[in-house]
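Trainee: Sequence plus the predicted model coming up.
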Amino acid sequence: MPTSPPPGRWTDVARATGLLGADDAVAQTIFAEMTSLAARTGAINLGQGFPDVDGPEFIRSAAKDAIDAGRNQYAPGDGAPELRRAIADHQRRHYGLDVDPDSQVLVTTGATEAIAAALLALVGQGDEVITLEPFYDSHAAGIALAGATHVPVPLTADDFRLDAAALRAAVTPRTRLIVLNTPHNPTGTVLTRVELEQVAAVARDADLLVLTDEVYEHLVFDDATHVPIATLPGMGERTLTVSSSGKTFSLTGWKVGWVHGPAGLVTAVRTVKQFVTYTSGAPFQPAIAQALDDDAAPRALAASLASRRDLLCEGLTAAGLDVVVPQGTYFVVADGQHLAERLGVADGHELSRRLPELAGVVGIPVSAFCRTGSPTASALAARVRFTFVKREDVLREAVERLHRLPR
């Protein structure tokens, strides 16, 4: 009897996300591995990016009210009408985008489903899809699921900025789509308006679609500003914008996301989505509709995260790791080259595996967000990503533990 599933599209996904080796042995994700290490060693897990404090009470109460009011059966396939209206109003209020809630908004099971369904709907065998590298792992997986070819374009290795010339050079007659992610996971880069205009020029000149992952849109710091690429000239008609409530309101387990864009593109995504989840999160959707009307909670979270970012960056620097201070998201990338040399380990991957035991702290190697063996993975081999979306006392304890490393 066979002991493993037959080869199929799952193998493409496993290879795209670095889970399938040359011997076709399936490995666990680096995230699962690091989480297991944290549990086994009692280390503080700064690898997984989810909050350790729940979101605002008024949103959670609204979900309870919806449950008590009987909002417990299937929500409409497009999403609850009040949530679609709230999403459209949010985009109009924050960015001046005119979005029709009835034909141009689709509620999804988190941003992950929105991205996967969009890729399945819009690209296929023979198409090429460009992403920035490093990239969030579900972007590569979605491209593989669709049967398309992934073409990563490296961010600059020193400060994680867009290389506009490399982006333009990556376009071929087979290119169909650019996947953007800003604010960017794992680097914390927020693409500037100038950088986005460079992306837009490439998309317009080559007649490409853009799928933009903006889940950290409200979690930007200092003088950084999030600019949706759909607001730039000629981009509204060729852009699908994805976001979610999980990061904005610290309710990641609710998995309420959305995608909006031109009605024809949204219809294509809906066609796929209806055979994946169809719908989900019925009592959470009206609660998020109320949350989107409130701008105070995201501002407070961003201010708190900026303070926690500074705390962790200072601690990492004092422990001997050089950091690129992030402009947004939950994450900071540290260069562990000097620390790795001091501890006698090879690179960021080995450093991440040893830190739980040596320091009681978990991070994620940035090479896990790159194609296996790519030049970017080599250039970033010593980099490690840490999250600061944890309580201040947890971060202070992590910093204290890092300071005890051998000097």
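Mentor: Perfect, thanks for sending it.
Trainee: any weak-confidence spans in the stretch 1-150 of the chain?
Mentor: Along the stretch 1-150 of the chain, segments meeting pLDDT under 70 span 1-7, 9-10, 19-28.
Trainee: quick one, helices of the stretch 1-150 of the chain?
Mentor: Secondary structure of the stretch 1-150 of the chain (DSSP state H, counting those that start in this stretch): helices at 9-16, 30-41, 57-68, 81-95, 110-122, 137-146.
Trainee: Now render those helices as TSV, adding mean neighbour count and distance to Ala379.
Mentor: Every residue, glycine included, has its C-beta placed from N, CA and C. Converted to TSV, these look like this (neighbours: other CB atoms under 10 Å; distance: least, CB to CB, whole Å):
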stretch	mean neighbour count	distance to Ala379
helix 9-16	17	20
helix 30-41	16	18
helix 57-68	15	41
helix 81-95	19	34
helix 110-122	25	26
helix 137-146	23	18
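Trainee: Grab the nearest non-local neighbour of Ser138.
Mentor: Thr112 (5.1 Å; CB to CB, 6 or more residues apart in numbering).
Trainee: The one you found and Gly257 touch, don't they?
Mentor: Yes. Thr112 lies in contact with Gly257 (CB atoms under 8 Å); the separation is 7.4 Å.
Trainee: Burial check on the residue lying closest to Met34 once chain neighbours are set aside, number of neighbours?
Mentor: With sequence-adjacent residues excluded and distances taken as CB to CB, 6+ apart, Met34 is closest to Gly47, at 4.2 Å. Other residues within reach of Gly47, judged by other CB atoms under 10 Å, total 26.
Trainee: gap between Gly47 and Thr29?
Mentor: 11 Å (CB to CB, to the nearest Å).
Trainee: now swap in Ser244 and tell me
Mentor: Using CB to CB, one gets 20 Å for the distance from Ser244 to Thr29.
Trainee: His226 now?
Mentor: From His226 to Thr29 the distance is 28 Å (CB to CB).
Trainee: mind checking the end-to-end distance for stretch 378-390?
Mentor: For stretch 378-390, the first-to-last residue distance is 30 Å (CA to CA, to the nearest Å).
Trainee: Can you list the buried residues in that stretch?
Mentor: The neighbour-count check on stretch 378-390 (16 or more other CB atoms under 10 Å) flags Ala379, Leu380, Ala381, Ala382, Arg383, Val384, Arg385, Phe386, Thr387, Phe388, Val389, Lys390 as buried.
Trainee: what does stretch 309-319 give?
Mentor: Neighbour counts over stretch 309-319 (16+ other CB under 10 Å) mark Arg309, Leu311, Leu312, Cys313, Gly315, Leu316, Ala319 as buried.
Trainee: of those residues, closest to Ala334?
Mentor: Leu316 (4.9 Å; CB to CB).
Trainee: Is that closest one located within a helix, as I assumed?
Mentor: Yes. Assessed with DSSP: H, G, I helix; E, B strand; the rest coil, Leu316 lies in a helix.
Trainee: so who does it touch?
Mentor: Listed by CB atoms under 8 Å, 6 or more residues apart in numbering, the contact partners of Leu316 are Val323, Val332, Ala334, Phe386, Val399, Leu402.
Trainee: Now which of the residues you listed would you call buried?
Mentor: Taking 16+ other CB under 10 Å as the criterion, what is buried in those is Val323, Val332, Ala334, Phe386, Val399, Leu402.
Trainee: Whatever helix or strand the first one lives in: how far from the chain's middle?
Mentor: Following DSSP states H and E, the helix or strand that holds Val323 is strand 322-324. Here the centre of mass of C-alpha atoms in strand 322-324, compared against the chain's by CA atoms, centre = their mean, to the nearest Å, lies 20 Å away.
Trainee: strands paired with it, and their directions?
Mentor: Looking at strand 322-324 with DSSP bridges, its partner strands are strand 331-335 (antiparallel).
Trainee: how about the helix or strand following the partner strand: buried residues?
Mentor: Proceeding C-terminally, strand 331-335 gives way to helix 337-343 as the next helix or strand, assigned by DSSP H and E. For helix 337-343, a neighbour-count test (16+ other CB under 10 Å) marks Gln337, Leu339, Ala340, Leu343 as buried.
Trainee: how close does the last one get to Leu380?
Mentor: In this case it means Leu343. Applying CB to CB to Leu343 and Leu380 gives a distance of 19 Å.
Trainee: Asp347 too?
Mentor: Taking CB to CB, one finds Asp347 at 10 Å from Leu380.
Trainee: go on, Leu292?
Mentor: Using CB to CB, we find Leu292 at a distance of 36 Å from Leu380.
Trainee: Ok, Phe160 next?
Mentor: The spacing between Phe160 and Leu380, counted by CB to CB, is 9 Å.
Trainee: Of the buried ones among the contacts of Leu316, which is the nearest to Ala359?
Mentor: Of all the buried ones among the contacts of Leu316, Ala359 sits closest to Leu402, with 5.4 Å by CB to CB.
Trainee: Quick check: phi and psi on the closest residue to the closest one other than its chain neighbours?
Mentor: Spatial nearest neighbour of Leu402, excluding adjacent residues (CB to CB, 6+ apart): Ala319 at 3.8 Å. Per-residue torsions, Ala319: phi -80, psi 0 (degrees, to the nearest 10).
Trainee: what sits against Ala319?
Mentor: So Ala319 contacts Leu339, Val399, Leu402, His403, Leu405 (CB under 8 Å, 6+ apart).
Trainee: can you pull the contacts of the first one?
Mentor: Leu339 makes contact with Ala319, Gly320, Leu321, Leu351, Leu405 under the criterion CB under 8 Å, 6+ apart.
Trainee: Need the residues you listed in a markdown table (columns: distance to Ser36 and pLDDT).
Mentor: Shown next, in a markdown table, are those (distance: CB to CB, whole Å; pLDDT from 0 to 100):
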| residue | distance to Ser36 | pLDDT |
| --- | --- | --- |
| Ala319 | 24 | 90 |
| Gly320 | 26 | 87 |
| Leu321 | 23 | 91 |
| Leu351 | 17 | 91 |
| Leu405 | 22 | 85 |
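Trainee: about what we covered before: reformat the contacts of Ala319 as a markdown table; add secondary structure and distance to Thr372.
Mentor: Listed next are those as a markdown table, based on DSSP: H, G, I helix; E, B strand; the rest coil; distance: CB to CB, whole Å:
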| residue | secondary structure | distance to Thr372 |
| --- | --- | --- |
| Leu339 | helix | 24 |
| Val399 | helix | 32 |
| Leu402 | helix | 28 |
| His403 | helix | 34 |
| Leu405 | coil | 29 |
